[in-house]
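Visitor: Fold the stuff below for me.
(one chain, ligands or ions: 1)
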Amino acid sequence: MKRRNFLDQSTIGFAGLLISPNILCLNKKKNAVIDNKKFEPFAVSTWNVPMANNIAGNQLDNGANALDAAVKGVAYEEANILNTTVGKGGSPDRDGNVTLDACVMNHEGNCGAVLAVQNITHVAALAKEVMIQTPHVILAGEGARKFAINQGYIPENLLSDESKKAWEKWLKNKDFKVKINVENHDTIGMLCCDSAGNLSGACTTSGLAYKMPGRVGDSPIIGSGLFVDNSVGGAVATGLGEEVIKTVGSFLIVELMRQGRSPQEACEEAIQRILGKHKGKPDFQVAYLATNKKGDIGSYSIASGFSYTHYKNKINKNINSGSVY
Ligand code: SD4
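Guide: Purely as a prediction, here's the structure:
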């Protein structure tokens with residue numbers, strides 16, 4: 001018995017010696033595959049913004065993290081004087097002052113926002129500074145401007161000659177119902193996924209043209225203009241901010257995706273949530289863009305004319321969104 005025991009044990013031991021290295025090898029291989037798992041990075045932005053989205057995509061391909069890529073991507077539109085809805089060259093409020101709104105949110109659920117900031121072009125980067133450098137999430141108005149200057153931002157005149165002319169023309173009739181669509185658009189909301197599979201986003205705007213001084217829309221409001229949950233996905237909004245805020249649109253979309261809706265289904269349901277508050281065809285536009293962790297994209301708007309830009313595998317293309325009307 002003793003001998004048999006010895007043999008049994010030694011057989012197990014020997015077999016163990018034979019098997020263990022293989023198991024270790026397999027485990028090592030398995031771990032190596034998990035450790036090295038690379039996600040295919042992508043960037044997606046509201047509207048037709050080939051340059052901004054391409055910048056973000058290239059940043060991601062070169063190893064940038066999702067937040068930095070989004071902030072650098074949207075910075076192109078912030079500096080683009082021809083874009084009259086974002087950054088420098090943006091449309092002013094009724095008094096002729098350009099006031100900018102922006103926010104960012106990263107894969108850890110951290111966020112930062114700046115509201116109604118004057119004289120600072122790159123407000124998405126400033127929102128990121130608020131997130132990183134301060135104990136706060138939101139800085140507004142003069143406080144945000146002072147913070148920017150302390151951080152080394154150079155104050156600039158944001159009112160371009162074109163935007164000034166358009167405002168002076170507007171002053172003659174003072175039409176307070178400014179439409180937001182393809183002819184008067186470009187608030188940029190961008191969602192990026194980096195090669196580590198982390199999602200982040202940025203949203204930046206000059207807001208509604210000829211708004212009341214002090215008015216802030218959805219774009220810098222976390223949950224309305226932008227929301228990211230790295231375990232689920234992200235969403236961004238454009239259009240009439242008041243309607244997005246009332247339904248906390250981007251948060252709603254992420255929560256719907258958490259419950260199992262696809263990004264497309266979630267965007268459509270969020271649009272229906274707004275429409276449910278209005279009788280008949282509304283005279284305003286709201287559009288949503290969303291992604292889940294797999295990189296499935298959804299988009300939907302009330303009125304036709306909304307599109308988004310998508311970058312993956314070095315292909316950057318503009319895609320028309322579905323709409324209710
Ligand atoms: C706002 N949502 O301030 C922004 C405007 C916008 O394209 O999206 N313009 O309400």
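Visitor: Show the contacting residues for the nearest residue to residue 239 once chain neighbours are set aside.
Guide: Leaving out its chain neighbours, the residue that sits closest to residue 239 by CB to CB, 6 or more residues apart in numbering is residue 286, at 3.6 Å. (C-beta placed from N, C-alpha, C; glycine too.) For residue 286, the contact set (CB atoms under 8 Å, 6 or more residues apart in numbering) comprises 237, 238, 239, 240, 243, 244, 249, 271, 274, 301, 302.
Visitor: mind running it again at 6 Å?
Guide: By CB atoms under 6 Å, 6 or more residues apart in numbering, residue 286 lies in contact with 239, 240, 243, 244, 274, 302.
Visitor: Spit out the contact partners of the residue of the stretch 51-200 of the chain found nearest the ligand.
Guide: Per CB to the nearest ligand atom, residue 187 is where the stretch 51-200 of the chain lies closest to the ligand, at 3.2 Å. Going by CB under 6 Å, 6+ apart, residue 187 touches 85, 205, 219, 238.
Visitor: Checking the first one next. Helix, strand or coil?
Guide: For residue 85, the secondary-structure state derived from DSSP: H, G, I helix; E, B strand; the rest coil is coil.
Visitor: any idea which element residue 288 lies in?
Guide: strand 286-292 (DSSP states H and E).
Visitor: Which elements pack onto the next helix or strand after that strand?
Guide: Remark: after strand 286-292, the chain's next helix or strand is strand 297-301, criterion DSSP H and E. Using 3 or more CB pairs under 6 Å, 6 or more residues apart in numbering; DSSP states H and E as the contact test, the elements touching strand 297-301 are helix 263-275, strand 286-292.
Visitor: which SSE is residue 212 in?
Guide: Using DSSP H and E, residue 212 maps to neither a helix nor a strand.
Visitor: pLDDT at it, what is it?
Guide: Note for residue 212: predicted pLDDT of 95.
Visitor: how many neighbours does it have?
Guide: 10 (other CB atoms under 10 Å).
Visitor: How much space separates it from residue 150?
Guide: Computed as CB to CB, to the nearest Å, the residue 212 to residue 150 distance reads 29 Å.
Visitor: go on, residue 188?
Guide: For residue 188, the distance to residue 150 - CB to CB - is 26 Å.
Visitor: now do residue 276
Guide: Plainly put, residue 276 is 45 Å away from residue 150 if you go by CB to CB.
Visitor: does residue 56 sit in a helix, a strand or a coil?
Guide: The three-state label given to residue 56 by three-state DSSP is helix.
Visitor: Am I right that it is in contact with residue 71?
Guide: No: taking CB atoms under 6 Å as the definition, residue 56 is not a contact partner of residue 71, at 8.8 Å.
Visitor: which of the contacts of residue 286 are close to the ligand?
Guide: Filtering the contacts of residue 286 for proximity to the ligand by CB under 6 Å from any ligand atom leaves 239, 240.
Visitor: could I get the contacts of residue 286 as a markdown table with pLDDT and neighbour count?
Guide: Shown next, in a markdown table, are these (pLDDT from 0 to 100; neighbours: other CB atoms under 10 Å):
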| residue | pLDDT | neighbour count |
| --- | --- | --- |
| 239 | 95 | 28 |
| 240 | 94 | 23 |
| 243 | 96 | 24 |
| 244 | 98 | 27 |
| 274 | 98 | 22 |
| 302 | 96 | 26 |
